[in-house]
Each structure stands twice: as C-alpha cells, then as structure tokens.
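Engineer: Provided below for reference: sequence and predicted model.
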Amino acid sequence: MKILYLDCPMGISGDMFLAALIDLGADSRAILREIEKLGLGPVKVKIAKETRHSITATSFRAAHMHEHRHRTFKDIKNIISASALSKEVKDLSVAIFKNIAAAEGRIHGISAQKVHFHEVGAMDSIIDIVGAAVAVTSLKADRVISSPIPLGSGWAKTMHGTLPIPAPATVELLKGVPVLSSDAPFELTTPTGAAIVKTIASGFGPIPDMIIEDTGYGAGKKDFKERANVLRAVTGVMPDGLKGLGPLRGLSPHADNGQARGAEKLFMIETNIDDMSPQIAGYLMETLFAAGALDVYFTPVQMKKTRPGILLSALAEGDRVSGIVDAIFRESTSIGVRSYAVERHCLGRKTVKVKTPYGTVGFKVSLRNGKPVNIQPEYDECRAIAAKKKVPLKEVIDAAKAAFRKK
C-alpha cells in the first residue's frame, strides 16, 4: 500500500501543497500542460527553489494575466468540465470546489449553487486546485493521511471585510478534522488548502508506520524568522503486517484495493445505563452513528440494586470522541462515560458479480494477504430474487455460493 503523508507544521495552502508534490516528484511540465487544457488564456507560473531556515523547498506561484472576476460554483464547474482534463482530475477538482461552495453557502445562508467565489474564484486559485488534483492523482497513492492542521490567529482583509483568522470558510471546511491552535499572528491554513486536505485525506494523525520512499517540501509565500514556513510531503509503503495507519475518515477519492489494512488506532466509548426507555435507546444509536461512530451496540448487563441494564459501546476515531460523548450525555440518562484506546484489524474488501442459476448476484469478498477468507452474497439481492422467482431464500443463497466457488 502506497501512502502519501502531509506534514503541515505551518498549515496548508493550495500553492504550498502543489509545490510540495512537485518537490516530491510530480512532473511540473506535465502539470502545466494539464493546466493549459483549462483554456484560461495566458497564465504566468513561476516554479522555483527557495530556502526556508536552511531547508531547500519548491515554490509555486501562479498569476492569471486577465482581470480577476467573481464566479459561481457553476461557472467554475463548467470551466473544468468543458476542458480536456482526465475524468479523474475533473472529478477531484470539482469535488474540492464543491466542498468550498458548501462551506461558503452554510456561512452566508444560501445554497452552494448561489455562492459567488471571490479570492478562491480568482484564476490563480483555480490553477492551484486543478494543479493539485493533477499532481496528487499522478502520484497514485492508495491513501492520503495528514497531520493535524494548525490554523493561525489575528485578522485578514478580504472581499467581505476584515475577518478573524482562521477564516470562517476554513473553520467550516475543517469540521470533523483535528486542528491545532497557534499563536502565529497570521493565516496558516487558507480555505483552498483546507478544501484540498479535507477532500483528499482519509485520515489525520501522526505519520503512520511505513517505509519512507521520498520527501518533498513546499515553500509558503512568507519567510518567517521564527519558523520554517514549509509543508512536507512524504511517500512510503506499508507492507502487510505493519501497524499504525491511524484513524480512517473515509474521505479519500481512491477506491479500496482489496488489501488488508494495518491496525487502526480507534477509541471505545462505553457507559452502563439502567434507567432509560428502549425507545430512547434506538434513537440514541441513530444519533451516535450520525455523530461519526463507526459501530454502536448494546449488551444486556446486570446493574446494582439487581436492575437489568445495558452496556452502551461506541467505536470511533479519535477526533470524533468528544462529539460522541456529548451526544451520549445529551440524549441518554448516563451520568458518566469511559473511553480507552483500541486497535481494529480489518480484512481487505472488494465486490464482485457472479452469475447464478437464478440471476446475477453481487458478493462481498473479504481478503487477507490477497486471498479470500470469507464470501457473502448481497442479502437484499438474494431476497429480491427469492421473491421474484418464488423460491426459498436459503436456496438462492446456497446456489449463489456454489456458483461463486465454481467460478
């Protein structure tokens, strides 16, 4: 499994991210050729080597030669969709802009389609985002993981006036993402950078256990005396058996390749309850899943004073624990919750279609070291076939499994 890890000690912006991937090995000429497919007209791009506290890093600066103007999400989507870019690059670019539009829409109380982009709508930001999509897809990482994101502090002048740092759009985009406070009196993470990392990263935390292959450094526009203003990108491979992949948020655009994952570092949140209605328990379970729990279940237990009760257990990533604990206290009668770190080991998964005597059925195949260890036909598909063919469900399932083994 190939991992791309983003180390963001000074935050992330679109140009820093793109510069880091170029320094890492993404072909800058190929990126510029792809950007030309947008049909933006004359574009001035400068890629150079700069030094930040004795660290040699790459910088990427883009400036469109035409007048900047405000654009809606639809305008930007049309520019990208009408281009000759690959479908993968188009889809990722549009997904990043869609996240920005959704965040801006929630802030201003309007639909994402009606959002007018100002700073982010400028052509240089379109270049940064599309270039980032080209670069990250060219690296073909199976999973992207990022460090927690520092935000910065202070005030920034924008088209909407003087706003606090981090910008409202940045905060909205980074919901559910671990962030770090900082006394740096400037913007460390821009809305563009936040949108990129929110869209491509499937996990947040320390660098995972892996064999490092390459590193690259992207230089920020400012050079500070106190700290090296760089973003570090690291690629590596994680052979089967290595642990520490970290919490997975399921945001990556890359498909599951069927390989077994390393151990995921998660948290178990538990509480014992003996005075809550079963109706509330059902609602509580739904609420916890909505809050980001990966699994929720109840176990019958015998409480003090001989009362029958339930043990509520919820499995979650580290950045979701606080929200889940809040939901438990808000929605249940619990007055105390405990949590502890656990490791979850998961098999790789893929889906295949198999022709059976009753019709085509999808199968969930679980693999370890590339070999199937468990197969299960899709229940809903088998049930629909059984009802249509008027045959017992168990016969459809047995026939499906036999057809799979024969294949």
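Structural biologist: Nice, I can see it.
Engineer: ok, now which ones touch the closest residue to R338 other than its chain neighbours?
Structural biologist: For R338, ignoring the flanking residues on the chain, the nearest one in space by CB to CB, 6 or more residues apart in numbering is E270 at 5.4 Å. No exception for glycine: its C-beta is placed from N, CA and C like everyone else's. Applying CB atoms under 8 Å, 6 or more residues apart in numbering, we find E270 in contact with L311, L312, S313, A314, V337, R338, S339.
Engineer: E270: what secondary structure?
Structural biologist: Following DSSP: H, G, I helix; E, B strand; the rest coil, E270 is assigned to strand.
Engineer: tell me which element A399 falls in.
Structural biologist: helix 393-406 (DSSP states H and E).
Engineer: For that helix, which helices and strands make contact with it?
Structural biologist: Applying 3 or more CB pairs under 8 Å, 6 or more residues apart in numbering; DSSP states H and E, we find helix 393-406 packed against strand 348-356, strand 359-368, strand 371-377, helix 379-389.
Engineer: Quick one: mean pLDDT over the second one.
Structural biologist: Right, the one you point to is strand 359-368. Strand 359-368 comes out with an average pLDDT of 89.
Engineer: Ok, stretch 127-136 next?
Structural biologist: The average pLDDT within stretch 127-136 is 94.
Engineer: Stretch 53-64 too?
Structural biologist: pLDDT averaged over stretch 53-64 gives 88.
Engineer: Relative to the whole chain's centre, how far out is it?
Structural biologist: Using CA atoms, centre = their mean, to the nearest Å, the mean C-alpha position of stretch 53-64 is found 26 Å from that of the whole chain.
Engineer: Alpha carbons only: can I get it in PDB?
Structural biologist: Provided in PDB are the C-alpha atoms of stretch 53-64 (Å, rounded to 0.1, in the frame of the first residue of the first chain):
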ATOM      1  CA  HIS A  53      15.600  28.100   7.500                       C
ATOM      2  CA  SER A  54      18.200  26.200   5.500                       C
ATOM      3  CA  ILE A  55      15.600  23.800   4.100                       C
ATOM      4  CA  THR A  56      15.600  23.900   0.300                       C
ATOM      5  CA  ALA A  57      11.900  23.800  -0.900                       C
ATOM      6  CA  THR A  58      10.000  24.400  -4.100                       C
ATOM      7  CA  SER A  59       7.600  27.300  -4.600                       C
ATOM      8  CA  PHE A  60       4.700  27.500  -7.000                       C
ATOM      9  CA  ARG A  61       3.300  31.000  -7.900                       C
ATOM     10  CA  ALA A  62       0.600  31.400 -10.400                       C
ATOM     11  CA  ALA A  63      -0.900  34.700 -11.700                       C
ATOM     12  CA  HIS A  64      -3.500  34.900 -14.400                       C
END
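Engineer: How about it, which residues are buried there?
Structural biologist: For stretch 53-64, the neighbour count (16 or more other CB atoms under 10 Å) marks A57, T58, S59, F60, A62, H64 as buried.
Engineer: what does stretch 198-214 give?
Structural biologist: Residues K198, T199, I200, A201, S202, G203, F204, G205, I207, P208, D209, M210 are the ones in stretch 198-214 that count as buried (16+ other CB under 10 Å).
Engineer: can you list the residues you listed in TSV and add distance to E104, pLDDT and secondary structure?
Structural biologist: Converted to TSV, the buried residues of stretch 198-214 look like this (distance: CB to CB, whole Å; pLDDT from 0 to 100; DSSP: H, G, I helix; E, B strand; the rest coil):
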residue	distance to E104	pLDDT	secondary structure
K198	14	92	helix
T199	15	92	helix
I200	19	93	helix
A201	20	91	coil
S202	24	83	coil
G203	26	83	strand
F204	23	85	strand
G205	28	85	coil
I207	32	88	coil
P208	32	84	coil
D209	38	81	coil
M210	36	86	coil
